[in-house]
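[1] please work out how this folds:
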Amino acid sequence: MSYSVKEIFYTLQGEGAQAGRAAVFCRFAGCNLWSGREVDREQAVCKFCDTDFVGADAGRFATAEELAAVVAAQWPRGKGGRPLVVCTGGEPLLQLDEALCSALHAQGFEVAVETNGTQARPRGVDWLCVSPKAGASMALSSGDELKLVYPQPGAMPDRYASLGFRHFFLQPMDGDNLTANTLAAIDYCLANPQWRLGLQMHKVVGLR
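    Purely as a prediction, here's the structure:
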């Protein structure tokens, strides 16, 4: 298959269990829960997304090897550390497949995915982060971390607490109510210590 990619860039992971780790981000174009266009936001399943994933600005890649080579070119070789690529979107599992995972592994990368959990997991994913959305069915009920944007009516933490994830994060919903949402998430984590507070470090320090 071919791959449509919005952007590819080198940065530090800004959230979750691997926060602070150097990574190449590969943001795929397209999502199954919102078109990405403001005119469609009110009809979308996910109405709070703040990410631009419209258009293949980084290119359309005919083969997995071609895309993996572009990802690999972003990594500073010879400086130590295991190379990490974070496949995100939009919804990366609409495009990420076993062939691309294999091509990224051949370039020496650990493959991490940030997904809404509505699509099947391809073979070859090394780290799976699921961020469920209210109103969307889940195809993935286990993985490395579950990152729940909080609060979401219809997607409250107790709905997911028994799923098979190693880490559980509450991420305060961004926007006009961020302060109140952060305080509410803190209170929930204190009362329910299975959950950890997940902050978007990259926004705090000004990383991409």
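[2] when you work out contacts or count neighbours from here on, use the C-alpha atoms and nothing else.
    Will do.
[3] any buried residues in stretch 173-191, and which?
    173-174, 181-182, 184-186, 188-189 (16 or more other C-alpha atoms under 10 Å).
[4] out of these, which is nearest to Gly143?
    Cys189 (20.3 Å; C-alpha to C-alpha).
[5] specify the local secondary structure of the residue of the chain positioned farthest from its centre.
    For the chain, the residue at maximal distance from the C-alpha centroid (C-alpha atoms, centre = their mean) is Gly78, at 27.1 Å. Under DSSP: H, G, I helix; E, B strand; the rest coil, Gly78 falls in the coil class.
[6] ok, it to Met1 distance?
    From Gly78 over to Met1 the distance is 32 Å, taken as C-alpha to C-alpha, to the nearest Å.
[7] what comes up buried for the helix or strand of the chain with the lowest mean pLDDT?
    The helix or strand of the chain with the poorest confidence is helix 201-205; it has a mean of 83 (mean pLDDT, DSSP states H and E). In terms of neighbour count (16+ other C-alpha under 10 Å), helix 201-205 has its buried residues at 201-202.
[8] contacts for it, please.
    Helix 201-205 has contacts (C-alpha atoms under 8 Å, 6 or more residues apart in numbering) with 12-15, 19, 208.
[9] what's the neighbour count on Ala62?
    12 (other C-alpha atoms under 10 Å).
[10] didn't it look like it was pressed against Met1?
    Yes - between Ala62 and Met1 there is a contact under C-alpha atoms under 8 Å: 7.0 Å.
[11] before we move on, back to that, for the residue farthest from the centre of the chain, give me the pLDDT.
    As predicted, Gly78 sits at a pLDDT of 85.
[12] got the phi and psi for it?
    phi 80, psi 10 (degrees, to the nearest 10).
[13] what of Ala180?
    According to degrees, to the nearest 10, Ala180 has phi -60, psi -40.
[14] pLDDT score for it?
    pLDDT, Ala180: 97.
[15] can you give me the distance of it to Leu199?
    Ala180 is 14 Å from Leu199, by C-alpha to C-alpha.
[16] quick check: Val39 is in a helix.
    Yes - under three-state DSSP, Val39 sits within a helix.
[17] helices of this structure, start to end?
    All helices of the chain, identified by DSSP state H, fall at 64-73, 98-106, 178-191, 201-205.
[18] of all those helices, which lies closest to Ile8?
    helix 64-73 (6.9 Å).
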